[in-house]
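Asks: need a structure here:
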Amino acid sequence: MNFADISQTVISFIQQHQAWAPFIVGGLAFAESMAIISFIVPATGILLAIGALLAASGIPFWPVWAGAMIGAVLGDWLSYAVGYWLKDSIRDYWPFSRAPHFMDKAEAFTRKWGVPGVFIGRFSGPLRAFVPLAAGVFHLPHIPFQIANISSAAVWSFGILLPGEALDWFRHLQ
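Replies: The predicted model follows:
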């Protein structure tokens, strides 16, 4: 199954079962924010398409936004917890053992920016899932990490769903 097939399946399901939209979007945002899983699940494109679907189908924006935010927060929190628990031994596990440059880049970014880097990293596809993991490895303070995590998840989830909603707003202006 290719990306277009997966996207169409998810979008069709949401159209038919609108009550599930916040949960599905939350799961996709979780997958997009969780280290390693973010490489397997093509969530960004699907989330953008769902944003367009929201406007076209009349599915309320705010519950879906809340689902995306919660999923993103949980994905980063779990990545942080895994990093905190495994520490530097994370480099012994796949994919880091085969492609250490992922952790090297996340480590350099996290060392340079610290907790504000958690907020900034959310908006960079390659760093999104690995900065929280590195933050856990380096034991960044938990409360400041969570503040950056929650605030960046709120902004990111709004931004990823908004383009489709904005198109609908512009259509109504004409």
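Asks: CA atoms only for the helix or strand hosting Gln8, dumped as CSV, please.
Replies: Element membership of Gln8 [criterion: DSSP states H and E] is helix 3-16. Provided in CSV are the C-alpha atoms of helix 3-16 (Å, rounded to 0.1, in the frame of the first residue of the first chain):
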residue,chain,number,x,y,z
PHE,A,3,1.2,6.7,0.7
ALA,A,4,-1.8,7.8,-1.5
ASP,A,5,-3.7,4.7,-0.7
ILE,A,6,-3.0,5.0,3.1
SER,A,7,-4.0,8.7,3.0
GLN,A,8,-7.2,8.0,1.1
THR,A,9,-8.1,5.1,3.4
VAL,A,10,-7.7,7.3,6.5
ILE,A,11,-9.5,10.3,5.0
SER,A,12,-12.4,8.1,3.9
PHE,A,13,-12.7,6.5,7.3
ILE,A,14,-12.8,10.0,8.9
GLN,A,15,-15.5,11.1,6.5
GLN,A,16,-17.6,8.1,7.4
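Asks: just how off-centre is the helix or strand just after that helix within its chain?
Replies: Using DSSP H and E, the helix or strand that follows helix 3-16 in sequence is helix 21-33. Between the centre of helix 21-33 and the centre of its chain there are 8 Å (C-alpha atoms, centre = their mean, to the nearest Å).
Asks: Helix 21-33 - contacts with which helices or strands?
Replies: Secondary-structure packing of helix 21-33 (3 or more C-beta pairs under 8 Å, 6 or more residues apart in numbering; DSSP states H and E): helix 3-16, helix 37-40, helix 43-57, helix 61-86, helix 142-173. C-betas here are computed from N, CA, C, even on glycine.
Asks: immediately after the fourth one, which helix or strand?
Replies: Beyond helix 61-86 in the direction of the C-terminus, DSSP H and E gives the next helix or strand as helix 101-113.
Asks: buried set for that next one?
Replies: For helix 101-113, burial by neighbour count (16 or more other C-beta atoms under 10 Å) applies to 102-103, 105-107, 109-110.
Asks: And the residue lying closest to Leu47 once chain neighbours are set aside, what's its pLDDT?
Replies: Excluding the flanking residues, the one nearest Leu47 by C-beta to C-beta, 6 or more residues apart in numbering is Ile160, at 4.9 Å. Here, the pLDDT recorded for Ile160 equals 93.
Asks: roughly how far apart are Ile160 and Gly136?
Replies: 24 Å (C-beta to C-beta, to the nearest Å).
Asks: More neighbours: the two, which one.
Replies: Gly136 (26 against 23; other C-beta atoms under 10 Å).
Asks: Look up the closest residue to the more buried one, ignoring the ones flanking it.
Replies: Gly136 sits nearest to Gly83 (C-beta to C-beta, 6+ apart), 2.6 Å away.
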